[in-house]
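1. Sequence and predicted model, in that order:
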Amino acid sequence: SGTRLITASSQNGIDVWDSDVLKSKERVGSGPSSAVNSVAVYPGGKRFVSGSANHTVRVWELATGKLVELDEMHHDAEVNFVAVSPDGSRIASGGDDGVVRIWDAQTGRALATLKGHASLMRCGAYSPNSSMLVCGFGDGTLRLWNFVIASKALDMYGHSDLLLSAAFSPDGSYIATASC
């Protein structure tokens, strides 16, 4: 089999499924000690990252299910989203503290802390060229960060409620969002 499916939940930890049969699954490590809110796969598919209610961001080997020993990555509140840049160099995470943290994807070293919003953060995604990050907040605000000019590029207001999902189009020219 070549395709795997990663599932995470508050009750069951993290499971990796063989998607050819959807019957064979492996429990990843001993699992986090609290609810897993988000997972994202590294480019190339050898690792994935998880964000949890216990404020942690962790990296796992997909083939073995073992935790990768990196610098400690954590927030001051529950982590609701994790994203790996398409170039594989950075991890972004955000959560109930309203802060986006950028980590080195190979070492776990903190690279940046992006502040400026009081609402909880629910979702985020990198642009296809890894130069921008879009984040959705609990008050419906969508914030676009530009790493080329190292600043917040734009706040967008089109939703009246919690943003649940944000994604760039494959060419990076559009951003799709969903709210509840």
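-> Received it, and whenever you're ready, just let me know what you need.
2. Okay, the residue positioned nearest the centre of the chain and R47: tell me how far apart.
-> Nearest residue to the geometric centre of the chain (Cα atoms, centre = their mean): V82, 1.2 Å. Computed as Cβ to Cβ, to the nearest Å, the V82 to R47 distance reads 12 Å. Bear in mind the C-beta positions are built from the backbone N, C-alpha and C, glycine included.
3. got it, and V68?
-> From V68 to R47 the distance is 7 Å (Cβ to Cβ).
4. G95 now?
-> 21 Å.
5. A40 too?
-> 10 Å.
6. Distance from the host helix or strand of the residue nearest to the centre of the chain to the middle of the chain?
-> V82 belongs to strand 79-84 when assigned by DSSP states H and E. Using Cα atoms, centre = their mean, to the nearest Å, the mean C-alpha position of strand 79-84 is found 2 Å from that of the whole chain.
7. Where does pLDDT dip in the chain?
-> Scanning the chain with the threshold set as pLDDT under 70 gives 1-2, 11-12, 19-27, 29-33, 116, 150-153.
8. Swap in 50 and give it another go.
-> Filtered on pLDDT under 50, the chain yields the residue ranges 1, 30, 32.
9. just the helices in it please.
-> Taking DSSP state H as the criterion, the chain carries no helices.
10. what sits against D171?
-> P128 (Cβ atoms under 8 Å, 6 or more residues apart in numbering).
11. Equivalent analysis for L154, please.
-> L154 neighbours (Cβ under 8 Å, 6+ apart): 143-144.
12. so it bridges to which residues?
-> L144 (DSSP bridges).
13. re earlier: who has more neighbours out of G95 and R47?
-> Between G95 and R47, counting by other Cβ atoms under 10 Å, G95 is the more crowded of the two (26 against 19).
14. isn't that one right next to L120, touching?
-> Yes. In terms of Cβ atoms under 8 Å, G95 counts as a neighbour of L120; the distance is 6.8 Å.
15. what residues are shared contacts of those two?
-> Common neighbours of G95 and L120 (Cβ under 8 Å, 6+ apart) are 77, 80.
16. Please report the distance of the nearest residue to W103 once chain neighbours are set aside from C180.
-> Counting by Cβ to Cβ, 6 or more residues apart in numbering, I91 is the residue found nearest to W103 once chain neighbours are left out, at 4.4 Å. Distance of I91 to C180, given as Cβ to Cβ: 26 Å.
17. Alright, that wraps it up for me.
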